[in-house]
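1. Using only what follows, build the 3D model:
(chains A and B)
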There are 2 protein chains.
Amino acid sequence: MFPYKTSFILQRNQGSPLYLQLANQFIELIKSHKLPPKTKLPSSRKLSELLEVHRKTVVACYEELLLQGWIESVPKKGTYIKATLPILQQQEFLEEEDVQSTCANFSFEKRAILERKTYETEEDWVVLDDGISDVRLTPLEDIARTYRRLSTKRSTINALTYGSTMGNYKLRSVLADYLNETRGLQCCEQNILITRGSQMGLFLSSKLLLQEDDIVVVGETNYIAADVSFLERKAQLIRVPVDENGLDTCKIEELCKKQTIKAVFVTSHHHHPTTVTLSAERRIHLLNLAKEYQFAIIEDDYDYDFNYNHAPILPLASHDTHGNVIYIGSFCKTVAPVFRIGYLIAPKEFVDEAAKARRYIDRQGDALLELVFVDFLKSGDLDRHIKKILKEYQSRRDLFCQLLKEELGTYFEFEIPKGGMAVWTKLNQKYSWDEVSQIARKHKLEIGDWQRYDYENIGHNAIRIGFASMNEIEIQRLIKRLKTTMQELDINEHN
Amino acid sequence: MFPYKTSFILQRNQGSPLYLQLANQFIELIKSHKLPPKTKLPSSRKLSELLEVHRKTVVACYEELLLQGWIESVPKKGTYIKATLPILQQQEFLEEEDVQSTCANFSFEKRAILERKTYETEEDWVVLDDGISDVRLTPLEDIARTYRRLSTKRSTINALTYGSTMGNYKLRSVLADYLNETRGLQCCEQNILITRGSQMGLFLSSKLLLQEDDIVVVGETNYIAADVSFLERKAQLIRVPVDENGLDTCKIEELCKKQTIKAVFVTSHHHHPTTVTLSAERRIHLLNLAKEYQFAIIEDDYDYDFNYNHAPILPLASHDTHGNVIYIGSFCKTVAPVFRIGYLIAPKEFVDEAAKARRYIDRQGDALLELVFVDFLKSGDLDRHIKKILKEYQSRRDLFCQLLKEELGTYFEFEIPKGGMAVWTKLNQKYSWDEVSQIARKHKLEIGDWQRYDYENIGHNAIRIGFASMNEIEIQRLIKRLKTTMQELDINEHN
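-> Sure, this is the predicted structure:
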């Protein structure tokens, strides 16, 4: 007889009831063919004696197996492992190619260039970023308080079920007012799709606009995640120069005369990665071109709220009277990346289609968090928060730029950015970021993915260095370590 | 001179400062060519007198316009609208095709079939659903309390910035334990990608597995959102029959012998829409086929937690030893749709690729909510919640099925579902859902999108009717209105 007594390990006081433990272990034995089809099972009385469990446990186990279809009961004869059960093929030695051949048989282009490495760093390391907010300044408790308050409101119940793929209507309405007031847009709820952040806006725009081989115009240097989003659609990228006034729109006009452009991608405010602002005249030029040559402008305005020298320049979307602009933004920079709320603003027909496309990627947003943001916008808390961090980031920019110039002016060249969270830092051509980042690691300074700023090999030798996420002490520490690094490089070169 | 005095409307005590209101109205006038390039502007003193504002306001406004690049200052001559500013082309009469031609120039296939209509209903209407949870039972306050508690913890700060596209590591770890215990999986953190819900799991699986013309096998009736996800990849669907034991795996074997199958989609537990369970022998058969013919099984286990007659049958993924199964699930049914947390479980290589693909659609999940769910799982609150609602839903199923049989047995045929939240309700072929839903509306009963259960025109004349979202009184009301509807149909037919 099968060694029932030694084949089962039952644990009392464990999470799952005994009968279920027994049943699941039976299933394993059946699957692994240790109990083959047509095996007669011992009677419940016999098995309960063998295993020293109550007979009811065995009866419940057999019922379970019966219901699940693993065993069958033959009247007056007994209980058998089901005769028709196929054998689950035994696991042979798991060869590499065996795993490869099924689920691993996938494909995805150009993904590699956006893959960020993770850097193993200890607590006292300095890690450069490309301009992200300081999450320590997040008004987290205010948000959590609002979250909790809303959770006790009866009307909130309606927000818990499946909702619109467009996002919560209240948020769309409040956001329309907010954006019209702060950015000079003329949008209403119907023009707004609430996204999970700018990346989803990019994804949806690419999906709707682009077919294979369609041409998208981007800057010679460009936000890499946008490049990849377009390449994912198998679109063709054409690059135009970027100078101190942003994208060269004259070059775009030349292109338009020769071929059909489907879209132009622009981070008008400020160009990613170089931080320049698209000038007013180029904005109008670009809008006129869009009208004349019938292309879409995808405007990613990730930096709008961060302007230190003057009021922000109104986005292209605010001047767009022909429905050519798709305007993308989010709260990831102003509040915190964890609050995945962004928006896509476009003509109603486009937004309707984008909402349908969105259904296939994550169905809908987080309506509860969206309601929290309704409160956050309406109460003026967001404005107050932006004012507060703007002041803080400005003084961080000033300190960072001052120290970078004073302490490292011979190694690096840069313009003080009028806004944003990063400085476009050009390394003297004598050096390479490769060397710098190697030496830096000896001094607990992680430069990060410097390659991604020039994966097209232009040779500008520049990277973005974010200043907003660091306080005064941290900025000083960064500068100090960078200086030590550069001095060591100099000594090495001398020897 | 330009009528400055009457061209500006300035509102004190409004949100934005006077100088900015003035500047933005200037920009409008410049853009609309009412103030053309090279126009000389009045001196700040003069304009301040005309507009009855402080001179400092005008000076600040001019500075703003200068910085933004709208005007230029010519030494000793004065301030002018910038000469090189192109004219923003005036909006002509906005023709329909004009809007169409740019942003609206997009494409998306088969989207229409998933488009759900929204039904304008008043409060006292009964609206059928296809089996969704009752959000009134959501433990919202517990969740909000945890949310708030976490927000006061210092360690939470780290979760607020950009994080892993895989999801919070803690949640992946706790979830691995939870799923291994409850579903007999043998997964670890590396096999888990936290998604926004099952739909994202479907999207990512399709994206990675399927190329144009690849073959996916699905049920003759199938979960429509899955169909669309595959069609989006331009895959080819081949349908096999579904009987009382689920997908006909013998038919799948026949197919495999003739052509290369890339994937099989299965809602093993329970088949969507017919609610049957894939039998144990077919599960093993399917797994063996997957191994032999090297296809992937996409297992969407949306209903796992809802079994009334016996313990749930362990998913295919728990028997998979060859890395052929991609297992998809979420908390949308057990907790509430608003909490957009789901999971995709697969071999590590697949999960790594899926995480990269996920970066392009929404960058990352909501790490804060993910931490809340860590607590929810670890504390046992989720288990207690599931136990509670399971009991409730079972009694709702029993009541609904009893009344459906007693009151409407002559019109409808159905099997009592062993689990899930819906009954697959076949209408007597004498009637059509079209007629029923028309009459029903007269009695404040909205049948909804009955067409989508048979967009392939099989003619089964059945739809899913959800029972879980309704309490006793609501179920009685639904049955009553449906009965009145059917009786009216009979009378109409008689006349």
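
2. how about the strands of the stretch 151-300 of chain A, start to end?
-> A:192-195, A:215-219, A:236-240, A:242-243, A:246-247, A:263-266, A:296-300 (DSSP state E, counting those that start in this stretch).

3. To B:I389, which of those lies closest?
-> strand A:192-195 (28.9 Å; CB to CB). C-beta: built from backbone N, CA, C; applies to glycine.

4. same for the closest one, what does it pack against?
-> helix A:169-183, helix A:198-209, strand A:342-345, helix A:348-362 (3 or more CB pairs under 8 Å, 6 or more residues apart in numbering or on different chains; DSSP states H and E).

5. what lines up beside that strand in the sheet?
-> strand A:342-345 (antiparallel) (DSSP bridges).

6. who's in contact with the strand it pairs with?
-> A:175, A:179, A:185, A:187, A:191-198, A:200-201, A:204-205, A:317, A:326-332, A:351, A:354 (CB atoms under 8 Å, 6 or more residues apart in numbering or on different chains).

7. Equivalent analysis for stretch A:240-259, please.
-> A:215, A:217-221, A:238, A:261, A:264, A:266, A:268, A:271, A:274, A:276-279, A:282, A:285-286, A:289, A:292-293, A:295, A:415.

8. List buried residues within those residues.
-> A:215, A:217-221, A:261, A:264, A:266, A:268, A:271, A:274, A:276-279, A:282, A:285-286, A:289, A:293, A:295 (16 or more other CB atoms under 10 Å in any protein chain shown).

9. returning to what we had before: now the strands of the stretch 151-300 of chain A in JSON lines, with mean pLDDT?
-> Formatted as JSON lines, the strands of the stretch 151-300 of chain A follow (pLDDT from 0 to 100):
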{"stretch": "strand A:192-195", "mean pLDDT": "97"}
{"stretch": "strand A:215-219", "mean pLDDT": "97"}
{"stretch": "strand A:236-240", "mean pLDDT": "96"}
{"stretch": "strand A:242-243", "mean pLDDT": "96"}
{"stretch": "strand A:246-247", "mean pLDDT": "96"}
{"stretch": "strand A:263-266", "mean pLDDT": "97"}
{"stretch": "strand A:296-300", "mean pLDDT": "96"}
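
10. Does A:K426 lie in a helix or a strand, and which?
-> strand A:422-427 (DSSP states H and E).

11. Next one: A:T39, what pLDDT does it get?
-> With respect to pLDDT, A:T39 scores 89.

12. what do you get for A:T165?
-> On the pLDDT scale, A:T165 gets 92.

13. Go ahead and confirm it touches A:R359.
-> Yes: judged on CB atoms under 8 Å, A:T165 makes contact with A:R359 at a distance of 4.8 Å.

14. Just the helices from the stretch 201-350 of chain A, written as ranges.
-> For the stretch 201-350 of chain A, the helices defined by DSSP state H, counting those that start in this stretch occupy A:224-232, A:249-258, A:280-293, A:348-362.

15. Distance check, A:Q487 against B:Y431.
-> Going from A:Q487 to B:Y431 by CB to CB, to the nearest Å gives 87 Å.

16. Quick check: which ranges of the stretch 1-150 of chain A have low pLDDT?
-> A:14-15, A:87-122 (pLDDT under 70).

17. contacts with chain B among the contacts of stretch A:240-259, please.
-> A:279, A:285, A:292, A:295 (CB under 8 Å from any CB of the partner chain).

18. Save the residues you listed as TSV, and put in pLDDT too.
-> Shown next, in TSV, are these (pLDDT from 0 to 100):
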residue	pLDDT
A:S279	89
A:H285	92
A:E292	93
A:F295	95
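
19. Just the closest of those to A:P36, please.
-> Closest to A:P36, out of all of those and judged by CB to CB, is A:F295, at 67.5 Å.

20. what residues are up against that closest one?
-> A:256, A:261-264, A:289, A:324, B:102.

21. what's the closest non-adjacent residue to the spatially most central residue of chain A?
-> Centre of chain A computed as the mean C-alpha position; nearest residue by CA atoms, centre = their mean is A:Q199, 6.4 Å away. Counting by CB to CB, 6 or more residues apart in numbering or on different chains, the nearest residue to A:Q199 once its immediate chain neighbours are dropped is B:R363, at 4.5 Å.

22. Before I go, just wanted to say thanks for your time.
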